[in-house]
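K.L.:
return atomic coordinates for the entry below.
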Amino acid sequence: MTFFVIVAAMFIFGSAYVTNLAFNQGINLTREVGYILKNRLKKIFFITAGFIFVAIGAVGIVLPLLPTTPFLVLAAILFSRSSDRFHKWLLRNRVFGPYLRHYESGTGIPKSLKIKTIVFLWPSLAISGIMINAVWAWFLLAVVGICVTAHVLTIKKKKKKDVANITEYKD
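P.N.:
Residues are numbered from 1 along each chain as shown. The predicted structure is shown next:
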């Protein structure tokens, strides 16, 4: 709080007088200003990067070769370190929220979400293969589809007694 009073006084009384006053009180203004700017820039960078990763993750829902999960998890981590409001927004999101809440709590993926993922994955891979219309693309998409399907199916769901109910995000 004293820092903000000193900065306000600098504008009112002049910087030389206030700098001398701060020095006499043992306050290093350069360090204080640097600390605040560093934290503010870090917060702005994390929030901006978080939204970029949310956008990439959203595109990854439609494009089968672009993974969704790592980008959304990274966005959740960035938001958790910079903005509680945006972190809550992402966890409450209608599309991403349930998936991220299960991922953060370590409860695995519910069976219904596994089915939706696989049902959406294979038609989108087929559409991509038709659009590219190359043998190597069909092979690559088939390998990606098999690997993603195997990964989704091997994620274990924990027993209900092991975890709390996480269907709703609670503050």
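K.L.:
contacts and neighbour counts: CA atoms only from here.
P.N.:
Will do.
K.L.:
what's in contact with stretch 39-59?
P.N.:
With contacts defined as Cα atoms under 8 Å, 6 or more residues apart in numbering, stretch 39-59 is touched by 66-72, 74-76, 78-79, 81-83.
K.L.:
which of those residues count as buried?
P.N.:
Neighbour-count burial (16 or more other Cα atoms under 10 Å) applied to the contacts of stretch 39-59 gives 67, 68, 69, 71, 72, 74, 75, 76, 78, 79, 82, 83.
K.L.:
how about residue 82: what's its closest non-neighbour residue?
P.N.:
Distances taken as Cα to Cα, 6 or more residues apart in numbering put residue 43 closest to residue 82, at 5.0 Å, once the chain neighbours are dropped.
K.L.:
so where's this structure shaky on pLDDT?
P.N.:
Scanning the chain for pLDDT under 70 picks out the ranges 1-38, 64-65, 158-171.
K.L.:
now the helices for it?
P.N.:
2-13, 15-24, 29-62, 69-82, 84-92, 97-105, 111-132, 135-154 (DSSP state H).
K.L.:
and the ones you listed, which is most packed in?
P.N.:
Of these, the one with the most neighbours on average (mean count of other Cα atoms under 10 Å) is helix 69-82, at a mean of 20.
K.L.:
got the contact list for stretch 69-89?
P.N.:
Outside stretch 69-89, the residues that reach it (Cα under 8 Å, 6+ apart) are 42-44, 46-47, 49-51, 53-54, 56-57, 90-91, 96, 100, 169.
K.L.:
apply 10 Å and report the result again.
P.N.:
39-40, 42-58, 60-61, 90-93, 96-97, 99-101, 103-104, 169-171 (Cα atoms under 10 Å, 6 or more residues apart in numbering).
K.L.:
likewise for stretch 122-130?
P.N.:
61-65, 131-133, 135-142, 144-146, 149.
K.L.:
and with 6 Å instead?
P.N.:
If you take Cα atoms under 6 Å, 6 or more residues apart in numbering as the criterion, stretch 122-130 is touched by residue 138.
K.L.:
render the CA-only coordinates of it in PDB, please.
P.N.:
Extracted C-alpha coordinates of stretch 122-130, given in PDB (Å, rounded to 0.1, in the frame of the first residue of the first chain):
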ATOM      1  CA  TRP A 122     -13.800 -41.800 -36.700                       C
ATOM      2  CA  PRO A 123     -16.200 -39.800 -38.900                       C
ATOM      3  CA  SER A 124     -14.000 -36.700 -38.700                       C
ATOM      4  CA  LEU A 125     -11.000 -38.900 -39.600                       C
ATOM      5  CA  ALA A 126     -13.000 -40.300 -42.600                       C
ATOM      6  CA  ILE A 127     -14.000 -36.800 -43.800                       C
ATOM      7  CA  SER A 128     -10.400 -35.700 -43.500                       C
ATOM      8  CA  GLY A 129      -9.200 -38.700 -45.500                       C
ATOM      9  CA  ILE A 130     -11.800 -38.000 -48.200                       C
END
